[in-house]
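got a structure for you, letters missing:
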């Protein structure tokens with residue numbers, strides 16, 4: 001592919017206006033910045049429990065799934081389910 005091919009590929013058949021583009025939603029970005037500001041300011045006042053899995057730096061859904069599987073396997077193997 002040559003430079004001339006790039007020019008032909010990049011050529012528009014009509015004038016480009018702002019109606020040809022969609023807007024970008026930045027509300028989620030603003031929400032994340034606000035969330036980090038609140039967390040940074042109030043981190044010392046917010047407590048979590050030891051059995052919380054989500055929204056922590058060291059655990060997540062995979063840890064919760066593993067815990068549920070271990071509990072289910074324990075009860076299946078010990079015939080404790082009635």
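Thanks, I have it. Because the structure is a prediction, the values reported are computed rather than measured. Residues are numbered from 1 along each chain as shown.

check contacts around the residue lying closest to residue 64 once chain neighbours are set aside.
Sequence neighbours aside, residue 53 is the residue nearest to residue 64 in space, at 3.9 Å (criterion: CB to CB, 6 or more residues apart in numbering). Just so you know, the C-beta spots here come from the backbone N, C-alpha and C atoms, and that holds for glycine as well. By CB atoms under 8 Å, 6 or more residues apart in numbering, the contact list for residue 53 reads 59-61, 63-64, 67.

Which ones among the residues you listed lie within strands?
Nothing among the contacts of residue 53 maps onto strands, per DSSP state E.

In these, find the pair that's most separated.
Distance extremes for these: the farthest pair is 60 and 67 at 11.5 Å, using CB to CB.

I'd like to know the average pLDDT value across stretch 27-42.
For stretch 27-42, mean pLDDT is 86.

can you list the residues that contact that stretch?
So stretch 27-42 is in contact with residue 46, going by CB under 8 Å, 6+ apart.

now that stretch, how far from the centre of its chain.
Remark: stretch 27-42 is offset 14 Å from the chain centroid, using CA atoms, centre = their mean, to the nearest Å.

Stretch 54-66 too?
Going by CA atoms, centre = their mean, where stretch 54-66 is centred and where its chain is centred differ by 13 Å.

and what of stretch 59-67?
For stretch 59-67 - counting by CA atoms, centre = their mean - the centre lies 16 Å from the chain centre.

Quick one: residues in contact with it.
Residues contacting stretch 59-67 (CB under 8 Å, 6+ apart): 52-54.

Name the next helix or strand following the least confident helix or strand in the chain by mean pLDDT along the chain.
Within the chain, no helix or strand scores below helix 3-9, which has a mean of 50 by mean pLDDT, DSSP states H and E. Once helix 3-9 ends, the next helix or strand along the chain (criterion: DSSP states H and E) is helix 27-42.

Give the buried residues for that next one.
For helix 27-42, the neighbour count (16 or more other CB atoms under 10 Å) marks no residue as buried.
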